[in-house]
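Student: Starting from these lines, generate the structure:
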Amino acid sequence: MWKKWIKIRDDKLTEIDGSPEIFHIATELQRMGHIGTVQTIQIEFDIIPEVKKKELSTVFNESLGIGQFKSDMIILESLSDRDLFQLIGTLHYIRKIFGDLSLIDAITALIEIVFMQENYFIVVSYLPRTGNLELISTSDSQLYFELLKYVKTKWIMSRTFIK
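Tutor: Here you go, the predicted structure:
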């Protein structure tokens, strides 16, 4: 475990703990940028106790910053403008509120990709419990299997760039 001071909110320095679990999930989120331009990310939870919802909406109140809690999920916009430590900061606050990250069910992203010189939007879901990435939908359903192969290839290739 390591500690680092970073600016997360209002230009204030915040100390975060860097557990291997937080670092792994943040790295996987960053890998989505190798598939294409990540427009938004939704961190979805299993069941959120009512007591925690108020705390989540207080802490996560800016989608371009640390994230915005809305409809039982945390929404992050503009992943391309974020560095690894900002993602770690978001996950740090989730762990601080819940005690761990086990309540994260899935992390879903809207990604714009260029495939065969055309722009397409895809929705992928990363499952932290299994480490799998799934293609949920595409803007052109006729190309689903070609886009699935493209996404899987980009996902596998991104491992070599991140490590």
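Student: ok now do residue 137, which residues does it touch?
Tutor: 122, 123 (CB atoms under 8 Å, 6 or more residues apart in numbering). C-betas here are computed from N, CA, C, even on glycine.
Student: For it, which phi and psi angles does the backbone take?
Tutor: For residue 137, the backbone dihedrals are phi -160, psi 160 (criterion: degrees, to the nearest 10).
Student: how close does it sit to residue 151?
Tutor: In this view, residue 137 and residue 151 are 12 Å apart by CB to CB, to the nearest Å.
Student: Which neighbours do those two have in common?
Tutor: residue 122.
Student: Could you give the average pLDDT over the longest helix belonging to the chain?
Tutor: Taking DSSP state H as the criterion, the chain has its longest helix at helix 144-162. Averaged across helix 144-162, the pLDDT comes to 87.
Student: Please spell out which residues along that helix are buried.
Tutor: Residues 147, 150, 151, 154, 155, 158 are the ones in helix 144-162 that count as buried (16 or more other CB atoms under 10 Å).
Student: would JSON lines of these with distance to residue 83 be doable?
Tutor: Conversion of these to JSON lines gives the following (distance: CB to CB, whole Å):
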{"residue": "147", "distance to residue 83": "28"}
{"residue": "150", "distance to residue 83": "26"}
{"residue": "151", "distance to residue 83": "23"}
{"residue": "154", "distance to residue 83": "20"}
{"residue": "155", "distance to residue 83": "20"}
{"residue": "158", "distance to residue 83": "16"}
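Student: Strands along this structure, start to end?
Tutor: Using DSSP state E, the strands assigned to the chain run over residues 2-9, 12-18, 37-45, 61-62, 67-70, 73-77, 104-115, 118-127, 132-138.
Student: among the ones you listed, which is nearest residue 26?
Tutor: Residue 26 lies closest, by CB to CB, to one member of the strands of the chain: strand 12-18, at 9.0 Å.
Student: ok, now which ones touch residue 108?
Tutor: By CB under 8 Å, 6+ apart, the contact set of residue 108 is 41, 42, 44, 123, 124, 125, 126, 136.
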